[in-house]
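# Got a predicted structure plus its sequence, pasted below:
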Protein chains: 8
Amino acid sequence: MSYVYNRLNKDDVALLMVDHQSGLLSLVRDFSPDDFKNNVLALADIAKFFDIPTILTTSFEDGPNGPMVPELKAAFPDAPYFARPGQINAWDNEEFVAAVKATGKKQLLIAGVVTEVCVAFPVLSALEEGYEVFVVTDASGTFNQTTRDAAWDRMSQAGAQLMTWFAVGGELHRDWRNDIEGFGGLLAGHLPAYANLIQSYEQQSLAHKR
Amino acid sequence: MSYVYNRLNKDDVALLMVDHQSGLLSLVRDFSPDDFKNNVLALADIAKFFDIPTILTTSFEDGPNGPMVPELKAAFPDAPYFARPGQINAWDNEEFVAAVKATGKKQLLIAGVVTEVCVAFPVLSALEEGYEVFVVTDASGTFNQTTRDAAWDRMSQAGAQLMTWFAVGGELHRDWRNDIEGFGGLLAGHLPAYANLIQSYEQQSLAHKR
Amino acid sequence: MSYVYNRLNKDDVALLMVDHQSGLLSLVRDFSPDDFKNNVLALADIAKFFDIPTILTTSFEDGPNGPMVPELKAAFPDAPYFARPGQINAWDNEEFVAAVKATGKKQLLIAGVVTEVCVAFPVLSALEEGYEVFVVTDASGTFNQTTRDAAWDRMSQAGAQLMTWFAVGGELHRDWRNDIEGFGGLLAGHLPAYANLIQSYEQQSLAHKR
Amino acid sequence: MSYVYNRLNKDDVALLMVDHQSGLLSLVRDFSPDDFKNNVLALADIAKFFDIPTILTTSFEDGPNGPMVPELKAAFPDAPYFARPGQINAWDNEEFVAAVKATGKKQLLIAGVVTEVCVAFPVLSALEEGYEVFVVTDASGTFNQTTRDAAWDRMSQAGAQLMTWFAVGGELHRDWRNDIEGFGGLLAGHLPAYANLIQSYEQQSLAHKR
Amino acid sequence: MSYVYNRLNKDDVALLMVDHQSGLLSLVRDFSPDDFKNNVLALADIAKFFDIPTILTTSFEDGPNGPMVPELKAAFPDAPYFARPGQINAWDNEEFVAAVKATGKKQLLIAGVVTEVCVAFPVLSALEEGYEVFVVTDASGTFNQTTRDAAWDRMSQAGAQLMTWFAVGGELHRDWRNDIEGFGGLLAGHLPAYANLIQSYEQQSLAHKR
Amino acid sequence: MSYVYNRLNKDDVALLMVDHQSGLLSLVRDFSPDDFKNNVLALADIAKFFDIPTILTTSFEDGPNGPMVPELKAAFPDAPYFARPGQINAWDNEEFVAAVKATGKKQLLIAGVVTEVCVAFPVLSALEEGYEVFVVTDASGTFNQTTRDAAWDRMSQAGAQLMTWFAVGGELHRDWRNDIEGFGGLLAGHLPAYANLIQSYEQQSLAHKR
Amino acid sequence: MSYVYNRLNKDDVALLMVDHQSGLLSLVRDFSPDDFKNNVLALADIAKFFDIPTILTTSFEDGPNGPMVPELKAAFPDAPYFARPGQINAWDNEEFVAAVKATGKKQLLIAGVVTEVCVAFPVLSALEEGYEVFVVTDASGTFNQTTRDAAWDRMSQAGAQLMTWFAVGGELHRDWRNDIEGFGGLLAGHLPAYANLIQSYEQQSLAHKR
Amino acid sequence: MSYVYNRLNKDDVALLMVDHQSGLLSLVRDFSPDDFKNNVLALADIAKFFDIPTILTTSFEDGPNGPMVPELKAAFPDAPYFARPGQINAWDNEEFVAAVKATGKKQLLIAGVVTEVCVAFPVLSALEEGYEVFVVTDASGTFNQTTRDAAWDRMSQAGAQLMTWFAVGGELHRDWRNDIEGFGGLLAGHLPAYANLIQSYEQQSLAHKR
């Protein structure tokens, strides 16, 4: 049985951001807060850079779960946004699923908080409906490493592919020549170690120009 | 071959609690004692909350393995309870299997101590008999991380799904509106970080009412 | 210069609980939430068991820092309680210091959130005023292990002694015969691994009585 | 496609101990030396307890790799023993394979040093020949955790089952009543935490007899 | 010999930022890049917030060590800045020391890359000259945890105090009432977990106003 | 469905070294720099030892990514070398793929930086084209352990085999007698712990000769 | 103030083994059970090898704490043994202290379970009475790493020296020539990695003799 | 009491390399073998670069401990070399001490295997005799992290300063201008991450020259 590599394709993919809310983020302890914030915003920047249709949803945002992270709201001012009245699996919300289907895409990037519930449930539902599902693992957080390991295993065994925001960006961009400065700027903004390389390089270039 | 997402369904599921005994618990070192106690009792509360038929079993409880954790006994006073006379795999105990079958359920949640024996053996037996098996990984403990990793891999490759008590609760509850206060109370009791969110929220609500 | 071992003495000691508030607790990541909650409540139970004068204080409890953990309030209904209007170092609050002095004790147990600020600052202030200071390290939490290491070093080098709630209990109790059941019950309630030992022991005793 | 649980069966299984040599053991760093020594000897004791045909092999034992661990030699004085003249994969040694086949068993327990070579290669060869292969992961050691993770994944994906010596013992014994004292003694000798339980239990029994 | 708590005092303190250069930052592996970047910039913001005289220095910035992090340069456009021609210990650079002395401060905050050299050497030199020295440990990075542990021990034993940027901010601010919004904003910008608390709080306030 | 063990065969295999560049290496933090350098050079030595056709490629080597590690260039002076003008997935570079095909090999060893992009993408592309793909995991590096775990899972689930340089060497060599001194020297040069064994052995041999 | 190195001297030292009881050992989680058992028995063997006066004590050995580890009892059949009726600090037991004083030694080796109570309390008491105190840290166990760190800091700051059984053995033995075989045998029995070296060496010696 | 910073001074310092033998190195597990080998050789290169008098010693090098690492012997062909006939503490060997004294230096760099014995004992002896002692912690190895922590604490509390080879190099060199190329080459040879920076820099310089 031969393997087919259906790459992430910017024309075929939609992004679902599930329950990145200020209260729920307090529960995430498998990443440092700085790392996790950076990962989530990097994914958002990627979606904007590639014009990926993005759908936002929250759970009980008027209660302890808190509002969606304001940077996300600001990043996607016109995106479909569903404050779910109670469904734990976002896929149980008909408007949400309708919006996903309305994108007409076959590939779904899914990230959220917490991984084993808010991510895993819609991941499994989407797999059942025949979508190719890519979990953005580092923009998805949960209580601890043990919980994460179990959640990753369940999703992977069901057929989801485990990725990270940087891999998503690289697979979508395909070729640096499509936009060197834009993509480089995106990376520099979210990978301090890469920004360091760029700075060293640019200073030296400047020095030689002088 | 398409994936089918058979969700945990409160009408289709039974819970098997295997060998959570005071002596055997002394052997568990892949969780801190506080974390593990909390996980086991959280799973018990979930079973009670959703009225999941629950079956308890112990191994040699009159010897060094010690008695079942009293909180579990107290939580399920009327549950079938099998003090196995010697079978290591609970599934080798005919009364136990009969009780499982008597529930008429197709989905089994299994947790126990130690993971690679008391959990893995009945998990594999149940898979062979066609049950859908969900391992509650964080209510199952063993000697160390290496042992756990091997046990998880064996069960996962055989077709069991790796879950945690929180994921089980969320998948069973489906929609917060089914019982907001009840489910919220359950979570607050077992997730101190979530309880903190609730407290902050409620104090502020009170303040505004004043 | 000879060393003098001034043991914790239940007649000489007061306990200061600083800023255990629902919001601030969300920041604690050098303990699992279950472990930390248990440690804080264990320390409270010790203070009650030995009738240690206890002083509570919070910082900005009407804002994002949130209210004091309700279990602590409930444990010490009559304790002096100071909602500080802005002082970061509790020792800068005159009423708080007056209450400490009013206890007439020379030994101070201090715990709080976060370790390097809410604990370390009053620890250093109290040392300067000549108190013997004992940091209850495991009932004090902060952002990560690195921060904790730095905070512990600063306090230790200044002369504070680093303890844990269990060591505090043992040093205060001195002799099990002072109250075997009471102290045993306290331990069993906060050390699941010790509770397991007791259960195994008691079941066997019962068996032999039968 | 239904899962079949072919349990380890003491009448169907042989044990292959590959390259547990004093020099090679110096390379093992994914276990502490105490833990690893205990695991290897525990596996040997299990093989003897259940009379499992055991085959020993070494690689270049007259050079830096060093002699087979003397406790293993002593444990299996009459076992087939193959000092391989050069083959890295023991399965490339015809006498070794002949000895395996001569046992007439269908299930193979394999352990060795180092995991990704001396264990993985014969594991994959044996799988190809249709054996059911069970890797005794904690009696197999290698350079570090990363190497181990890669080796486990390769073997598991090929169809080998990852076990540990304790799981092997439990799956073979089936029922404590087959030999309570013998099996209990085996465990006590290799699980200090279990030995502790037994001692507490026995002292109390003695006390009551008095 | 009684302990004196000389607190950090915004009128008595200067900040030395040593060798935070793009090349050298590539060597830092005791923090994640996101965490470290955040820590360094948080310290810079604290210095600006409290108007702390700040001195910048670099080592061989035209070679592989690379230029100073541009955000630091931008934060302190008028600060004394010394591109050292070769001295490894910044304290061996006379202009640097003159600038430190010109501040007239007795307390020095020191951070840099790498900890055991660029931080430890000037820390020890400044201690010798009678300064009170506070190492900002989390804005100082090095090759690995072992190196850090050794460097911290050497500096602590010599009399330096180990702090973190958050503790520095708290000790300088003293009382929230000095500037609630300003200090809160500073924290929110560098502590995502604290920003979450603020967002939850503010949304709820808004909701009640409506 | 029976498993077939297609071993690495020195006549059937080619090695692809992807983007081991001085800048990108600064991003690798799932290995210590010493360990990673050693792993990469060990893999190179293996390729030379077994005369494996090797193909080198870099990405944007004139910019911040930096030049290929000079030791690699020196090791393979005549190897096909492709400085890709922009393609992120090396398999999107036609000359690179042509060179791979020109080797006429069916088995590909792939290593590179960073794992989830520069390794995973060509791994998946090569699998799709029917190659047997072996990832040399310890000569492939990335940002952190989480990213690595996700990348490994994706490649493994697609059918790639996870190996390490030592396992590659052993599987290719087959039998020590093919070249004892050569292979031993290779190992001694890259496994200090093995070199220690050899030294102890040789000194003792010398002693006995005297 | 000049440092004086008062080495451990076999004629000046006594060993106190405090509360190594089967129940309490279940609480130890800062070592693996294999490692801890080995460390405790190694210390016992050292005491016997050097004829160090040894004093044993237990706490409530008829209750859940359980009996002293039988190997210890067997190792020191004639040693003073005090089953304390209730004192938590062994130094509060007059017979125990009398026995310590009766040894006439000035140096005390102390090990026990748990570190921060059963070890730290008598350590501090003995320091106060002018003894030189050496904590055998790896034969002393407790609940977790955090607790251990705090306990070590408290004892070290009070003047106790932190050692391990191997360092104790080396400092007492002084010169291998005092008994090469005896000391080598002791090490081989408790350091599997050292035993491996010896085996490789001896086999080669044998080979050359032949 | 004011602190005096007696820096390492190349004219005042001698280096003692204690028991870096092939057998004993097999016991070191607090560093990866690659890292440790690199650290030891880096220290040797520093001693040669600064012409530091160096003294080598071994313990029982004809037995299982094995010969001194050949690279060390080669690095210091004319250094005093003492194969101790039995003294565990090198300072108990009169010739060794005489050689140390003959250097006429007041500062001693000490490194060795294992840390708590072969390093700590001569460190404490040298401190007693009034030497300033600097432990090169990362060129000193032992069984595990716990042992190391205890050994470091004992030496640090006695007055030794904990350093690493890189800090030693920087403190000795003082100013890059003393020999930029030489010192840069030394670092590049032992810090792969620094070598990467240099390569990126040099390639860019070359590019601009073209």
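Cool, the structure landed.
# Quick check: which element contains the residue in chain A that chain H sits nearest to?
In chain A, no residue comes nearer to chain H than residue A:208, which is 4.0 Å away by CB to the nearest CB. Placement of C-beta: from N, CA and C, glycine included. Using DSSP states H and E, residue A:208 maps to helix A:192-209.
# and the host helix or strand of residue A:24, does that touch chain C?
According to DSSP H and E, residue A:24 maps onto helix A:22-25. No: applying CB under 8 Å from any CB of the partner chain, one finds helix A:22-25 separated from chain C by no less than 8.9 Å.
# Give me the mean pLDDT for that helix.
The predicted model gives helix A:22-25 an average pLDDT of 97.
# And for it, what's in contact with it?
For helix A:22-25, the external contacting residues (CB atoms under 8 Å, 6 or more residues apart in numbering or on different chains) are A:33, A:36, A:59, A:63-69, A:113-114, A:118, A:141, B:197, B:201, E:192-193, E:195-197, E:199-200, E:203.
# if we can go back for a sec, show me what the helix holding residue A:208 is packed against.
Packing partners of helix A:192-209 (3 or more CB pairs under 8 Å, 6 or more residues apart in numbering or on different chains; DSSP states H and E): helix A:180-190, helix E:22-25, helix E:33-49, helix H:192-209.
# what ranges do the strands span in chain A?
Listed in chain order, the strands of chain A (DSSP state E) span A:13-18, A:54-59, A:81-84, A:107-112, A:132-136, A:161-163.
# distance between stretch A:17-32 and the chain's centre?
Using CA atoms, centre = their mean, to the nearest Å, the distance from the centre of stretch A:17-32 to the centre of the chain it belongs to is 13 Å.
# Straight-line length of that stretch, end to end?
End-to-end distance for stretch A:17-32: 20 Å, by CA to CA, to the nearest Å.
# Could you do stretch A:26-41 as well?
For stretch A:26-41, the end-to-end distance is 17 Å (CA to CA).
# Stretch A:62-82 too?
For stretch A:62-82, the end-to-end distance is 13 Å (CA to CA).
# Report whether stretch A:106-114 contacts chain F.
No: Stretch A:106-114 does not reach chain F (CB under 8 Å from any CB); its nearest approach is 12.3 Å.
# Tell me the residue of chain A that sits nearest chain C?
As assessed by CB to the nearest CB, chain C sits closest to residue A:26 within chain A, at 4.2 Å.
# For burial, what's the neighbour tally of that residue?
Neighbour count of residue A:26, defined by other CB atoms under 10 Å in any protein chain shown: 26.
# So it versus chain G, what's the distance?
Separation of residue A:26 from chain G (CB to the nearest CB, to the nearest Å) stands at 22 Å.
# and the helix or strand of chain A with the lowest mean pLDDT, which residues are buried?
None of the helices or strands of chain A scores lower by mean pLDDT, DSSP states H and E than helix A:192-209, at a mean of 92. Using 16 or more other CB atoms under 10 Å in any protein chain shown as the burial criterion, the residues of helix A:192-209 that qualify are A:192-204.
# now swap in stretch A:76-94 and tell me
So, applying 16+ other CB under 10 Å, buried residues of stretch A:76-94: A:76, A:79-82, A:84, A:87-93.
# follow-up on the earlier one: just the angle for the helix holding residue A:208 relative to helix A:180-190, thanks.
Angle between the axes of helix A:192-209 and helix A:180-190 is 130 degrees (criterion: axes from the mean of the first three to the mean of the last three CA atoms, to 10 degrees).
# who in chain A is up against chain E?
Within chain A, the positions near chain E by CB under 8 Å from any CB are A:22-23, A:25-26, A:32-38, A:62, A:64, A:66-67, A:69-70, A:191-193, A:195-197, A:199-200, A:203, A:207.
# 7 Å instead, please
A:22-23, A:25-26, A:32-35, A:37-38, A:62, A:66-67, A:70, A:192-193, A:196, A:199-200, A:203, A:207 (CB under 7 Å from any CB of the partner chain).
# tell me the contacts of the residue of chain A found nearest chain G?
With CB to the nearest CB as the measure, residue A:144 is the residue of chain A nearest to chain G, at 15.4 Å. For residue A:144, the residues meeting the contact criterion (CB atoms under 7 Å, 6 or more residues apart in numbering or on different chains) are A:29-30, C:32.
# From the residues you listed, pick the one nearest chain B.
Of all the contacts of residue A:144, chain B sits closest to residue C:32, with 5.5 Å by CB to the nearest CB.
# Would you list the phi and psi of the closest one?
Backbone torsions for residue C:32, taken as degrees, to the nearest 10, come to phi -70, psi 150.
# so it makes contact with residue B:35?
Yes: if you go by CB atoms under 7 Å, residue C:32 and residue B:35 touch, sitting 5.5 Å apart.
# Where does the prediction get shaky in chain A?
Filtered on pLDDT under 70, chain A yields the residue ranges A:1.
# What residues does it have near chain C?
Contacts of chain A with chain C, taken as CB under 7 Å from any CB, map to A:26, A:29, A:32, A:144.
# burial measure for the third one, as a count.
When neighbours are counted by other CB under 10 Å, residue A:32 registers 20.
# How about residue A:65, nearest residue that isn't a chain neighbour?
Distances taken as CB to CB, 6 or more residues apart in numbering or on different chains put residue A:23 closest to residue A:65, at 4.4 Å, once the chain neighbours are dropped.
# and of the residues of chain A next to chain C, the nearest to chain D?
Distance to chain D, by CB to the nearest CB, is smallest for residue A:144 among those, at 18.7 Å.
# how close does the closest one get to residue B:138?
From residue A:144 across to residue B:138, the span is 9 Å (CB to CB, to the nearest Å).
# list the residues that contact both of those two?
Joint contacts of residue A:144 and residue B:138 (CB under 7 Å, 6+ apart) do not exist.
# Could you tell me how far the residue lying closest to residue A:182 once chain neighbours are set aside is located from residue A:73?
Nearest residue to residue A:182, sequence neighbours excluded (CB to CB, 6+ apart): residue A:49, at 6.5 Å. Separation of residue A:49 from residue A:73 (CB to CB): 18 Å.
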